[in-house]
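Peer 1: model the following, please.
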Amino acid sequence: MLELVKAGGWPMIPLLLLSAIALAIIIERLWTLRRKAVLPPDLGKEVRAWASRGKLDPAHIESLRATSPLGALLAAALDVRGRPREEIRERIEDVGRHLVHRMERYLNTLGTISAAGPLLGLFGTVVGMIKMFMVIGKSGIGDVNELAGGIGYALICTATGMIVAVPALVAHRWFRGRIAEYIVAMEHEAIQLLDTLDTRPLARPAAANPAAAGSAPPPAQPQAAG
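Peer 2: Numbering: from 1, shown residues only. From the prediction side, this is the model:
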């Protein structure tokens with residue numbers, strides 16, 4: 001393995017660095033984006049029970065905010081629970097954008113690695129071929145077997161770039177899909193909480209109230225002149 005790295009030349013150094021960075025990002029995102037860390041089971045049901053019983057003191061809300069991204073989203077809705085429904089939805093959408101940005105942390109870097117890996121590998125191959133043709137220009141073709149071996153070594157960078165890029169690309173797409181799934185589930189929980197909070201009765205017009213109409217005093221009858 002060390003011989004292959006040496007044969008690839010100095011362009012192998014950035015490729016090895018990219019592979020180490022990609023591996024670190026994949027491990028970190030796998031740990032951070034665990035389902036129970038983002039969407040703790042039964043958390044939404046528990047928060048709806050708090051809301052229906054009126055147990056919404058600031059300590060409960062702050063502890064909810066620190067649990068998970070879902071808890072932070074539901075806590076944002078509870079912070080403005082006394083406002084109209086549209087304002088609560090706007091707060092949820094605003095906080096949701098920040099949470100998505102937090103969950104997508106490092107994914108742009110991972111996507112960049114998946115795109116840059118093959119290019120760096122191709123660059124290393126081109127550098128190796130240039131060196132070989134410069135040698136050929138000075139001393140001739142010489143041994144054909146040695147030339148073929150040199151071409152094989154020059155292609156090491158291309159192969160290494162693909163080895164780095166393919167796992168990074170697969171992981172990038174998989175994390176994107178997982179975050180999209182989490183977003184849908186979090187929106188569903190937020191809507192259910194909104195339905196629980198929205199318990200305001202609808203006001204009816206006074207003219208449509210039969211009890212109010214029946215309680216009006218009858219008109220006075222004119223008295224006959226005696």
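
Peer 1: next, work out how far apart V166 and G124 are.
Peer 2: 17 Å (C-beta to C-beta, to the nearest Å). The way it works is simple: take the backbone N, C-alpha and C, and place the C-beta from them, glycine included.

Peer 1: which of these two has more neighbours?
Peer 2: Per other C-beta atoms under 10 Å, whichever of V166 and G124 has more neighbours is G124, with 25 against 13.

Peer 1: now do the helix with the most length in the chain: which elements does it pack against?
Peer 2: If you go by DSSP state H, the chain has its longest helix at helix 156-197. Packed against helix 156-197 by the contact rule (3 or more C-beta pairs under 8 Å, 6 or more residues apart in numbering; DSSP states H and E) you find helix 2-8, helix 12-32, helix 43-53, helix 69-79, helix 85-103, helix 107-139.

Peer 1: show me how far the fifth one is from its chain's centre.
Peer 2: To tie it back to what came earlier, the one meant is helix 85-103. Taking the mean of its C-alpha atoms, helix 85-103 sits 13 Å from the chain's own mean (C-alpha atoms, centre = their mean, to the nearest Å).

Peer 1: now do the buried residues in it.
Peer 2: 88, 91-92, 95-96, 99, 103 (16 or more other C-beta atoms under 10 Å).

Peer 1: for the third one, same thing?
Peer 2: Along helix 43-53, these residues count as buried under the neighbour rule (16+ other C-beta under 10 Å): 43-44, 47-48, 50-51.

Peer 1: which residues are contacting it?
Peer 2: The contact list for helix 43-53 (C-beta atoms under 8 Å, 6 or more residues apart in numbering) reads 56, 60, 64, 67-68, 70-71, 74, 78, 81, 189, 192-193, 196-197.

Peer 1: between helix 156-197 and that helix, find me the angle.
Peer 2: With axes from the mean of the first three to the mean of the last three C-alpha atoms, to 10 degrees as the basis, helix 43-53 and helix 156-197 are set at 20 degrees to each other.

Peer 1: got the angle between helix 43-53 and helix 69-79?
Peer 2: Put simply, helix 43-53 runs at 20 degrees to helix 69-79, going by the same axes, to 10 degrees.

Peer 1: from A37, how far off is I151?
Peer 2: Distance from I151 to A37, by C-beta to C-beta: 49 Å.

Peer 1: picking that back up, which one of the helices and strands packed on helix 156-197 lies closest to A180?
Peer 2: Between A180 and the helices and strands packed on helix 156-197, the shortest gap by C-beta to C-beta is with helix 85-103, which sits at 9.3 Å.

Peer 1: which strands and helices sit next to that closest one?
Peer 2: Other elements packing on helix 85-103 under the criterion 3+ C-beta pairs under 8 Å, 6+ apart are helix 69-79, helix 156-197.

Peer 1: export those helices as TSV, with columns for distance to G117 and mean pLDDT.
Peer 2: Shown next, in TSV, are the helices and strands packed on helix 85-103 (distance: least, C-beta to C-beta, whole Å; pLDDT from 0 to 100):
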stretch	distance to G117	mean pLDDT
helix 69-79	30	91
helix 156-197	3	91
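
Peer 1: residues of stretch 27-42 that come out buried?
Peer 2: Per 16+ other C-beta under 10 Å, stretch 27-42 contains these buried residues: 29, 33, 38-39.

Peer 1: ignore what I typed, I meant stretch 72-80.
Peer 2: So for stretch 72-80, counting by 16+ other C-beta under 10 Å, buried means 72-79.

Peer 1: how far is that stretch from where the chain is centred?
Peer 2: 19 Å.

Peer 1: coming back round to it: and the helices and strands packed on helix 85-103: which comes nearest T112?
Peer 2: Nearest of the helices and strands packed on helix 85-103 (C-beta to C-beta): helix 156-197, 8.8 Å.
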